[in-house]
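[1] Mind folding the following:
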Amino acid sequence: MSRHVSLAARLAAAAAIAVLTLAPRDSALAPHAAEAQGGTPPVMVAQIPMEAQNLRYMDIMDIDQANHRLYTGDAWTGGPDIFDVSTPNAQYLTTDFVRGAGAGTRWAPDLQKVFIGMSDGTVAVIDTDPASPNVGKIIDRVDTGGHDGADELDYDPLHHKVFAAHRREGFVADIDAINDVLVGTISGLHGILEQPRFNPADGMIYEVNPADNVVYEYDPNADTLVNTIDIGTPCGPMGLAINGTTNVAFLACGGRSNPTAVYLDLKSDTVIGQTPTTGGGDSAIYDPVANDFFFGSRGASGVNQMNVYAGGTPSSPIPQLVASPQVADAAGGVAYDETNKIIYVAGIQNGIPVLLGVPLPQ
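    Numbering: from 1, shown residues only. As a prediction, this is how the structure comes out:
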């Protein structure tokens, strides 16, 4: 994607919230596409001041649910963007300008911090405590020892650690999230490293490798690789989300060559289902409050959509596709606002990066 944008385009808009009205959730949980009612959905524009400089290109995002702030890595400005999501209509607040572009983003609710993987190999730490004089500011940067970017990451609330994948360097950095220091690495990994995820069901960390079509499992206590799971069906996973109640991993398969999502039982390390209808994508999350998976993808027709899956139960653990509203040219990021029940998606409309808000199907 070209990042050279005309001054006229920069003056036009820098982010938008497109709110789609969705069809009711199918009580039978049968897959269907939820269309916007009344044709083209309305678009509300959250104006961004010119001092924010370049237009947005938002990567992985996460929401501080307690303080209603959305944080997203920003490959355009070189710093994380912050949005107010206290209402259904997100408002841009500021950008924390730092050297290096931001990528993976994760909120640590018990520590009131947000961690963001940076292109220079460090992990930036943002204070989210509303009582702090530094709220919304970067308070630390952790050197992971990598020479390439610290990309996607996840927070382990059991051990108070952040695990940051170095996509092209074959290792994952283990960070003490309380003291913001590097305490170890999981090395010797192969291929391309994408999304790591903490699994509350077993206390382990899982990591997807699309190049080798495998899922790594590593021990966050010992920083050792304990298992390499061969997916066994074409996927090339780019995204990973885990429902700790059912112990099922949702694999967001990447690209048009693998237009699907695969469901992996982490107890038996076997595939228990998949859907061929969504298309390939980059990012997936699970929200325990909604008990839903969210997966942005592009179908065979080239249409981008935000797929919503019911998360399942221990007695019926296979996720079920319930809605696929069409969105703009979706990028990788997705986050869910539990208060206002809005799904946020990073995207592009008419060549301009935008933030899209999609109401959760009822």
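[2] drop to CA atoms for contacts and neighbour counts, all remaining ones
    Noted.
[3] Residue 128 contacts residue 136, correct?
    Yes: judged on CA atoms under 8 Å, residue 128 makes contact with residue 136 at a distance of 5.6 Å.
[4] Just give the nearest non-adjacent residue to residue 141, would you?
    Leaving aside its chain neighbours, residue 141 sits nearest to residue 124 (4.4 Å; criterion: CA to CA, 6 or more residues apart in numbering).
[5] That neighbour should be in a helix, yeah?
    No: counting by DSSP: H, G, I helix; E, B strand; the rest coil, residue 124 is not found in a helix; it is strand.
[6] Could you list everything it pairs with in the sheet?
    Under DSSP bridges, the beta-bridge partners of residue 124 are residue 116, residue 141.
[7] ok, it touching residue 117?
    Yes: if you go by CA under 8 Å, residue 124 and residue 117 touch, sitting 6.4 Å apart.
[8] between the two, which one's more packed in?
    residue 117 (32 against 24; other CA atoms under 10 Å).
[9] what pLDDT, on average, does the helix or strand hosting residue 164 get?
    Secondary structure assignment for residue 164, by DSSP states H and E: strand 161-166. When pLDDT is averaged along strand 161-166, the result is 94.
[10] Now do it: which elements does it pack against?
    strand 153-156, strand 171-176, strand 196-199 (3 or more CA pairs under 8 Å, 6 or more residues apart in numbering; DSSP states H and E).
[11] a markdown table for the ones you listed, including mean neighbour count, mean pLDDT and distance to residue 82?
    What follows is these, written out as a markdown table (neighbours: other CA atoms under 10 Å; pLDDT from 0 to 100; distance: least, CA to CA, whole Å):
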| stretch | mean neighbour count | mean pLDDT | distance to residue 82 |
| --- | --- | --- | --- |
| strand 153-156 | 24 | 95 | 18 |
| strand 171-176 | 23 | 95 | 23 |
| strand 196-199 | 24 | 96 | 23 |
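[12] Residue 339: which of the ones you listed is closest?
    strand 153-156 (21.3 Å; CA to CA).
[13] and the closest one, what does it pack onto?
    Under the contact criterion of 3+ CA pairs under 8 Å, 6+ apart, strand 153-156 touches strand 102-108, strand 161-166, strand 196-199.
[14] Looking at those, which is nearest to residue 64?
    Short answer: strand 102-108, nearest of these by CA to CA, at 6.1 Å.
[15] Give me the distance between that closest one and the centre of its chain.
    8 Å (CA atoms, centre = their mean, to the nearest Å).
[16] what residues does it touch?
    Contacts to strand 102-108, defined as CA atoms under 8 Å, 6 or more residues apart in numbering, come from residues 59-64, 71-75, 78-80, 113-119, 150-155, 157.
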